[in-house]
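Participant: Whatever this is, show me its structure:
(4 chains)
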Amino acid sequence: MLNAAIVFAFACIAAALLLNFWRLLRGPTTPDRILALDTMYINTIALLVLFGIHLDLTAFFEAALLIAMMGFVGTVALCKYLLRGDIIE
Amino acid sequence: MEALAALTLAVLVTCGVYLVLRARTYPVVLGLSLLSYAVNLFLFFTGRLVTGAPPLAGAATPTADPLPQALVLTAIVIGFGMTAFVVILALRARGELGNDHVDGTGEKS
Amino acid sequence: MLDTLIALFLVIGGAFALIGSIGLARLPDLFMRLHGPTKATTLGVGGILIASVLHFSSRGDGLSLHELLVTLFLFITAPISAYLIARAMLHLRGDDKP
Amino acid sequence: MNLLLIILLPLLGALLPPLAIRYGRSASAWTAAAITLAALLFALGPLVAVFGGAPQEVHWTWLPQAGLDIHLRLDGLAALFVLLILGIGLLVILYARYYLAERDPMGRFYGLLLLFMGAMLGVALSNHLLQLLVFWELTSLSSFLLISYWHHRSDARRGARMALAITGAGGLAMLAGFMLLGHIVGSYQISVILNAGDLIRAHPLYAPMLLLVLLGAFTKSAQFPFHFWLPHAMAAPTPVSAYLHSATMVKAGVFLLARLYPALSGTELWFFLVGGVGLATLLFAAYNALFQHDLKGLLAYSTISHLGLITLLFGIGTPLAAVAGVFHIINHATFKASLFMAAGIIDHETGTRDMRLINGMWKYMPHTATLAMVAAAAMAGVPLLNGFLSKEMFFAETLHLSALGAFSWVLPAAATLAGIFAVAYSARFIHDVFFNGEPIDLPKFPPHEPPRHMKVPVEILVALCLLVGILPAITVAPLLAVAAGAVLNGPLPDYSLAIWHGFNTPFIMSLVALAGGIALYTQRHKLFALHDRVFPGVDARALFWEFITWLMDTAHAMTRALENGSLQRYAALLLLTAVAAIAWPFLNSTAPIAGPVPAAPIDALTLLGALVMMAAAVVTTVWQRQRLTAVIALSVVGLVVSLTFVRWSAPDLALTQLSVEVVTIVLLLLALYFLPQRATVDSSNLRRGQDLLLATGVGGGVGLITWAMLTRPYTTIANYFVENSLPGGGGANVVNVILVDFRGFDTLGEITVLAIAAIGIFALLDNLRLEMPATDDGGRPWSSERYPLVLSQLTRFLLPLALLVSVYLFLRGHNAPGGGFIAGLVTAVALILQYMASGIDWTQQRWRLQYHPIIAAGVLIAAATGAGSWLYDRPFLTSAFGHFHLPLAGEFELATAMLFDLGVYLTVVGVVMLILANLGKLTQRSAGEGGT
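Facilitator: This next block holds a predicted model:
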């Protein structure tokens, strides 16, 4: 049962990532794309954790942690650029 | 799986090279980034595709090859240094020459 | 029993993540689209994280801190991201009054 | 040790005369002379041993794996050259003291002369082919500098360039020849090579090797058709001509023939090549010498001719001929050096070297005239002088040659003819200069005897000519015996150094040469007219210059064709070459591209990831003109790359990639602010099509290689690292242990490179002022809120959290994914976030971080950790470790490797922050704040 659930969750996340990417391609505005990228990052966290459960490995948790952090910093940088142009002032 | 990996690298390199050949500094930087992804992945792939066995000693099963990984790890960081250098060089060229053409001419070629 | 619980959380998590992304893809404008990822997806990831906590705790490794940290990060950052994206959109539209 | 000192004394001593010149010209000359004397003194002991029959050898190991060691050997032949170089060198130093004018920089002259002396001694003493070549090239170089000593004169510069071009090209050929020779024998050691003659001669590479080595020897010894540089080298000061271009350097070529004689001679190819070139040079140059009007030109051609004679003797290949060759080396050095010095005196006193003007010098300088006439007679081969003895031996050898069969009369006939010309030009040197009426329009008149000491070297050399000529058995015999013995590398043949061998054929040949030469000289006016009519200005020099001009024009044309200033074009050409280089073996190989390893099945998730990555890469390319959007697409590629690392078991790489990704985005956004937001289409469709084709070629090539690589069986050396990681490095994370322990030295190099890159960037940013856009690309003014409140307040919570993560990654790094690189990047990102959210001023008020010292501290800590192991008598970067338990973080290990990792961490933090913070500060510095 656990395996079936993992497969289902994998499928959901994969579909979610595809949809995010589709939004990223479609736009239409830059904030849309930033939002899509941000969501991709968050879904990737789920993907990594799932992968860890699937393989019974904890080695990838640090990666999930960093994605959470880096995805946020990336979003902040992109938004700040849109708002101010100069991101470090 | 091997063919898929090869195809992915082929696409990355094609895009990277095409961008590197552009006339403005910015696409060249993008192209260099794509190329360094491709090169890092290639080096990483020389250790072959191993699933679910990170190179941590003490595991019972054979692990992925740590050597290409160590190589690529520093390559990624050095790659950032290089990208930064190119970017700043491009900025400096823009500051000195007033345009962002790779030849510093500002003309169409 | 525990497996069932883990499976349940996984299914819920996956479903919420998917729903959030469908929202992102299908809703008509940015301000509505913002709801999908910020709420549903965060919840979905939360579900999968809980599944992970349960799974790895059951193996006797003790409580894993990673998931807690990830969750903490997500819950602090998700609103800021949403806020900034909305601000950026407002700015682009021109009604940028803080 | 003494052998090395012989070489080092002049080489290092070359620095002293230029320093001594401030104490006067004599001080400079004395210094040079003292150094030469000291070298001679050091040589004395070994020389005595050599004459006692014991060659001296010394050897220091340097790079034994590459066969590169320092090998010196003093045997008979080397002893002969050491004596020539130091003895004549001493005389030349004395002579030059009076020859050089007041305005000539004497310190430089003696410095260069000593440099040459050391190099030439190195050639003579080397017992290793490559080492010999280094000294060989050094002689070419110092010869170049000495010829162009009067560098204000264009003929001196041109002559120097020509000499360098020809001897340098010959040296390159010789290098190739030496490599082949070393390959054939399996050793570069000359004493080994000399005993491997049979192996060498039977080897299929013998012919090309011989040709290449001979090219080097012939160019150096000015053999036909490479002879023409020597007459032009006469633009050098006369002491240089006397020393380098008659007695020593030009002898290096024949020295090499003599040195390698046992290894290379004894084949038909050797006989025809060496003998043929020698004969051609002998005749051609002897003929030409007669028609020179320049005093030194005559001597130069005569030198070429005599070198041809020596070459011919070695080419004949009989042991007696070799003995004669060695003998002639000695004799020629003595009489030709004295002749050059005499010519220099005449030039010095009259102000010209044109023999049509210089006449009747006997009246003005009888002493010099006597000396010069004796030396010239020796050159002509007049009995009772040394030249006669070796020439007689030469004539005798030409008679005993049967290799030419029915044409065996050719060689004696040619030898006699050359003898006739030699007598004729010697006669001209004597008669035209010292008699033949009165001088015509001399620049300096009346000429008189030179200073007393200027004649001393000439006197000594002429005395030697006489002594050797009259009493050969008690003067030169021992030297000749050891030198010839070394050349033959075996028993000496029977020969007699008597003056009178009876009324035999060689003596008749000598008589014919003498009579014919004088007869020819009396008819010289008709001959000159004939020569001018038949060969009006045919000159190898003209051909040489034409060739050089052509070469330069072609080079310019090629450069212009390739280098049009367009970087795009260079990149395209570079890539095109790479594609061709990769495609060639692929196209010529019949082996299938795919290897035998069966393909693993593709799972849906990986396929999805690959598709997203490819699509994102393509989109980045397509969107490259909407620059911000392209960054977003690029970061999708980066994200999927990190997922790829996770997918194939590389958590450390995923962590690094993720952090670098964000840092790169920040960097690109910072740069983008100063660059145009949108770009126009620059390239034509054709251009883009071409580029796309080329890019597809490169990409396809990389894809094929990847595929070929992945489908082939795989062996790794990593097992050693995996097995020894825990017991040897004390860490479970093998990647990190490799970085900080096994290959720590590489990592030290890498962080140093990073540090240098950061400093370089800092320098590039210095004083850079850029125009700042006041609006975004849609024309909207920037938002007025610099630091949105929600952002700046909430991110302050994140900083300690992020730093905690970074500390965690750092501490755990040795055993779990993490480590200094990653922790450094995470710390940097955390700080960057504060910069973005709260501003540079706010952040720097709280953390007074100076990034330069952090970088320096990082590199120093890493290096000091490595050096620390020296204290315990262990090699650089040996690590020690022990295990500790820390709550929450778990078991971790405190190793010196961790200290090293701390250095890595600090460097990475410093580098990233130095780059980004300074780039961010650009806007503070740049004038005209935009948007506020």
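Participant: Please enumerate the helices of the chain.
Facilitator: Chain wasn't specified; assuming chain A. For chain A, the helices defined by DSSP state H cover A:2-26, A:30-55, A:61-84.
Participant: Actually, chain C is the one I wanted.
Facilitator: In order along the chain, chain C carries the following helices (DSSP H): C:2-26, C:30-33, C:35, C:42-58, C:65-93.
Participant: Please tabulate the ones you listed in CSV, including the columns mean pLDDT.
Facilitator: Below are those laid out as CSV (pLDDT from 0 to 100):
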stretch, mean pLDDT
helix C:2-26, 89
helix C:30-33, 84
helix C:35, 82
helix C:42-58, 87
helix C:65-93, 86
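Participant: Export those helices as JSON lines, with columns for mean neighbour count and distance to chain D.
Facilitator: Heads up, the C-betas are built off the backbone N, CA and C, glycines and all. Putting those into JSON lines (neighbours: other C-beta atoms under 10 Å in any protein chain shown; distance: least, C-beta to the nearest C-beta, whole Å) gives the following:
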{"stretch": "helix C:2-26", "mean neighbour count": "21", "distance to chain D": "13"}
{"stretch": "helix C:30-33", "mean neighbour count": "18", "distance to chain D": "15"}
{"stretch": "helix C:35", "mean neighbour count": "14", "distance to chain D": "18"}
{"stretch": "helix C:42-58", "mean neighbour count": "22", "distance to chain D": "14"}
{"stretch": "helix C:65-93", "mean neighbour count": "20", "distance to chain D": "5"}
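Participant: possible to save the ones you listed as a markdown table with distance to D:Glu771?
Facilitator: Shown next, in a markdown table, are the helices of chain C (distance: least, C-beta to C-beta, whole Å):
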| stretch | distance to D:Glu771 |
| --- | --- |
| helix C:2-26 | 37 |
| helix C:30-33 | 32 |
| helix C:35 | 40 |
| helix C:42-58 | 41 |
| helix C:65-93 | 22 |
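Participant: Now do the buried residues in stretch D:98-112.
Facilitator: By 16 or more other C-beta atoms under 10 Å in any protein chain shown, the buried positions in stretch D:98-112 come out as D:Tyr98, D:Tyr99, D:Leu100, D:Met106, D:Gly107, D:Arg108, D:Phe109, D:Tyr110, D:Gly111, D:Leu112.
Participant: residues touching the third one, list them.
Facilitator: Same thing as D:Leu100. Residues counted as contacts of D:Leu100 (C-beta atoms under 8 Å, 6 or more residues apart in numbering or on different chains) are D:Arg25, D:Met106, D:Phe109, D:Pro237, D:Pro239.
Participant: Just these: which are in helices?
Facilitator: D:Arg25, D:Met106, D:Phe109, D:Pro239.
Participant: Relative to chain A, which residue of chain D is the closest?
Facilitator: Distances between chain D and chain A by C-beta to the nearest C-beta are smallest at D:Gly920, namely 2.8 Å.
Participant: next one: phi and psi at that residue?
Facilitator: Backbone torsions for D:Gly920, taken as degrees, to the nearest 10, come to phi -60, psi -40.
Participant: And the pLDDT at the closest residue to it other than its chain neighbours?
Facilitator: Closest residue to D:Gly920 apart from its sequence neighbours, by C-beta to C-beta, 6 or more residues apart in numbering or on different chains: A:Ile88 at 2.8 Å. In this prediction, A:Ile88 carries a pLDDT score of 84.
Participant: Repeat that for D:Pro887.
Facilitator: We have a pLDDT of 52 for D:Pro887.
Participant: Same check on B:Phe45?
Facilitator: 92.
Participant: tally of neighbours for it?
Facilitator: Other residues within reach of B:Phe45, judged by other C-beta atoms under 10 Å in any protein chain shown, total 21.
Participant: hey, C-alpha coordinates of the one helix or strand D:Val458 maps to in PDB?
Facilitator: Here D:Val458 sits within helix D:452-470, counting by DSSP states H and E. Presented in PDB, the C-alpha positions along helix D:452-470 are these (Å, rounded to 0.1, in the frame of the first residue of the first chain):
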ATOM      1  CA  ARG D 452     102.000  46.700 -27.000                       C
ATOM      2  CA  HIS D 453      99.600  44.500 -25.200                       C
ATOM      3  CA  MET D 454      97.200  44.200 -28.100                       C
ATOM      4  CA  LYS D 455      99.900  42.300 -29.900                       C
ATOM      5  CA  VAL D 456     100.600  39.800 -27.100                       C
ATOM      6  CA  PRO D 457      97.700  37.500 -27.900                       C
ATOM      7  CA  VAL D 458      98.700  37.400 -31.500                       C
ATOM      8  CA  GLU D 459     102.200  36.700 -30.600                       C
ATOM      9  CA  ILE D 460     101.300  33.800 -28.400                       C
ATOM     10  CA  LEU D 461      99.100  32.200 -31.000                       C
ATOM     11  CA  VAL D 462     101.600  32.600 -33.800                       C
ATOM     12  CA  ALA D 463     104.300  31.200 -31.600                       C
ATOM     13  CA  LEU D 464     102.000  28.200 -31.100                       C
ATOM     14  CA  CYS D 465     101.600  27.800 -34.800                       C
ATOM     15  CA  LEU D 466     105.400  27.700 -35.200                       C
ATOM     16  CA  LEU D 467     106.000  25.400 -32.300                       C
ATOM     17  CA  VAL D 468     103.400  22.900 -33.400                       C
ATOM     18  CA  GLY D 469     104.600  23.200 -36.900                       C
ATOM     19  CA  ILE D 470     108.300  22.500 -36.100                       C
END
